[in-house]
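S.K.: what's the 3D shape of this:
(one chain, ligands or ions: 1)
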Amino acid sequence: MTSLADRALADLEGKLRPSGESGLDRLRIFRVPMVPEVRLYLAEDAVVWWARMEAEAGTVLTAPFWASAWPGGQAVARYVLDHPDTVAGRRVLDVASGSGLVAIAARLAGATAVTANDIDPYALAAITLNAKANGVVVAARHGDLLDGNGEAADVVLAGDVFYSQAIARRMWPFLSGAAARGARVLVGDPGRRHLPRDRLQIVADYQAAADASTEPQISQISVLQPR
Ligand SMILES: C[S@@+](CC[C@H](N)C(=O)[O-])C[C@H]1O[C@@H](n2cnc3c(N)ncnc32)[C@H](O)[C@@H]1O
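M.R.: Numbers count the residues shown, from 1 in each chain. Here you go, the predicted structure:
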């Protein structure tokens, strides 16, 4: 991890110390609704948590996407746990990993080595804490890998990565490049506007658990692969 991620980890560890207090501005360990095999430190309320982080830092921070288990990530995690052959004995890259949910599921499903990548140092800290909470080893890799093709990974997993046009523009060339060199690529998505739907085929559909996200309009989540 980078020193930025080390500092973020120390910050989060400090905030997790039991204070006897509860509240919306806290992290708490949750069982993931669609993936109850995995427990994650998530925000009680991500917006309130973000406001607390910014108030304490005295500066504007990027949104703590890592403090929620996104529906697309829950579906990919569910899929690899239900179909362990997808990852068992393989090297896996979970790109834009956020909380580390997908990476942790891949490791639980028998992947030999799992790298969880994100550009947000707090995501790296969350990945480290969450991997430990689930008793698995995941390599947390900070930085932007999207100009490459997933390096040596046999399997590239991506949960909820088409949430904005900016990331979609870079994510699709990355994922299709990984598929072109022979990697198995799986994407989890709840129907985001920027998903390149015509370039992907559905591998599995899941009904969203009632408490799967704070987006009540989401009812179905797909796992897809490049055509
Ligand atoms: C919507 S969240 C999804 C997190 C996780 N995959 C899940 O399903 O819960 C998107 C994540 O992408 C990360 N991200 C954005 N741009 C990225 C990039 N260029 N490389 C790696 N991660 C990136 C963000 O920091 C955030 O953690």
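
S.K.: Surely residue 200 is in contact with residue 186?
M.R.: No - under the criterion of Cβ atoms under 8 Å, residue 200 is not in contact with residue 186, lying 9.9 Å apart. Placement of C-beta: from N, CA and C, glycine included.

S.K.: Need the residues touching each of these two.
M.R.: Here residue 200 and residue 186 have 224-225 as joint contacts, going by Cβ atoms under 8 Å, 6 or more residues apart in numbering.

S.K.: And the two? Which one has more around it.
M.R.: residue 186 (27 against 22; other Cβ atoms under 10 Å).

S.K.: what about residue 149, neighbour count?
M.R.: Using other Cβ under 10 Å, residue 149 has 19 other residues around it.

S.K.: Can you check the pLDDT for it?
M.R.: At residue 149 the predicted local confidence, pLDDT, stands at 97.

S.K.: What backbone torsions are found at it?
M.R.: The phi and psi values for residue 149, taken as degrees, to the nearest 10, are phi -140, psi 30.

S.K.: Would you check how far apart residue 154 and the ligand are?
M.R.: For residue 154, the distance to the ligand equals 19 Å [Cβ to the nearest ligand atom, to the nearest Å].

S.K.: check contacts around that residue.
M.R.: Residue 154 makes contact with 90-92, 183-184 under the criterion Cβ under 8 Å, 6+ apart.

S.K.: Which of those sits closest to the ligand?
M.R.: When those are compared for distance to the ligand, the smallest value, 13.1 Å, is given by residue 92; criterion: Cβ to the nearest ligand atom.

S.K.: Name the SS class of the closest one, please.
M.R.: strand (DSSP: H, G, I helix; E, B strand; the rest coil).

S.K.: what's the distance between it and residue 217?
M.R.: Spatial separation of residue 92 from residue 217 under the definition Cβ to Cβ, to the nearest Å is 31 Å.

S.K.: can you check residue 44 too?
M.R.: According to Cβ to Cβ, residue 44 stands 22 Å off from residue 217.

S.K.: Give me the more crowded residue out of these two.
M.R.: residue 44 (15 against 8).

S.K.: how far is the helix or strand hosting residue 55 from where the chain is centred?
M.R.: Element membership for residue 55 (DSSP states H and E) is helix 46-57. Distance of helix 46-57 from the chain centroid (Cα atoms, centre = their mean, to the nearest Å) equals 20 Å.
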